[in-house]
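In: For reference, the sequence and a predicted model appear below.
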Amino acid sequence: MNAKLLIPFCILAFSECAYLSGDNAGAREGKSPSQLYSECMSTFSDDTKCKEFVLKSIPDADVSLLGQTANQAELAASANIFIRAQLIQSLLYQNKLFVKNKLGEPDEKRIVNNWAPGMEEWLYYRPVSKFAEGSRPDREILIRFQRGAVVHVGYTPPSPNR
């Protein structure tokens, strides 16, 4: 009787160990476009080839922020844009005042009548968030409130066409 219980327990224990230990096995190392560009420049010292390499490696990278030709105003504006995952995590379950202080006035406000009463959506069309450091900003951020608290943060990623 104990053998019948021991075998499934052992299989479960081994599968959990393999699942937990194999978390980073074979995973790609995540690098920002600026890190890829600097490594490429230290190896090849060719600006155009390195920018092409960054675009092939990270399709939504903003190559205008790389190299010696990078505009300082664009770099400063890019530094004020939030990382998408961190923004979503910080906004969920917060109130309207917190969102307004963090992101400013929304570009558009909508009342949603087809769901529960008290649903409201705020849309930001200006650059507010981006996927990672060096990526292009998202086209649109949608924040859905229910009774004054954030219940959903949606985004429209940048278009794949440049």
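Out: In hand now; what should we look at?

In: where in the chain is pLDDT low?
Out: Along the chain, the model assigns pLDDT under 70 to residues 1-3, 5-6, 8-10, 12-29, 68-79, 114-116, 162.

In: Domain ranges for it, per the record?
Out: With domains defined by automatic domain parsing, the chain comprises 33-80, 81-156.

In: how far does the last one sit from the chain's center?
Out: By that I understand domain 81-156. Relative to its chain's centre, domain 81-156 lies at 13 Å (Cα atoms, centre = their mean, to the nearest Å).

In: again, but for the first one
Out: Averaging C-alpha coordinates over domain 33-80 and over its chain gives two centres that are 18 Å apart (Cα atoms, centre = their mean).

In: For it, measure first residue to last.
Out: Counting by Cα to Cα, to the nearest Å, you get 17 Å between the two ends of domain 33-80.

In: swap in stretch 137-153?
Out: With Cα to Cα as the measure, stretch 137-153 spans 16 Å from end to end.

In: Next, the buried residues of it.
Out: Of the residues in stretch 137-153, 137-138, 140-145, 150, 153 count as buried by neighbour count, 16 or more other Cβ atoms under 10 Å. No exception for glycine: its C-beta is placed from N, CA and C like everyone else's.

In: Among these, which one sits closest to Gly67?
Out: Using Cβ to Cβ, Pro137 comes nearest to Gly67 of the buried residues of stretch 137-153, at 19.2 Å.

In: Contact partners for the closest one?
Out: Residues counted as contacts of Pro137 (Cβ atoms under 8 Å, 6 or more residues apart in numbering) are 78, 81, 127-130, 158.

In: Redo these as TSV? Include secondary structure, neighbour count and distance to Ser34.
Out: Converted to TSV, the contacts of Pro137 look like this (DSSP: H, G, I helix; E, B strand; the rest coil; neighbours: other Cβ atoms under 10 Å; distance: Cβ to Cβ, whole Å):
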residue	secondary structure	neighbour count	distance to Ser34
Ser78	helix	20	10
Ile81	coil	18	14
Pro127	coil	17	18
Val128	coil	22	21
Ser129	strand	23	18
Lys130	strand	22	13
Pro158	coil	18	17
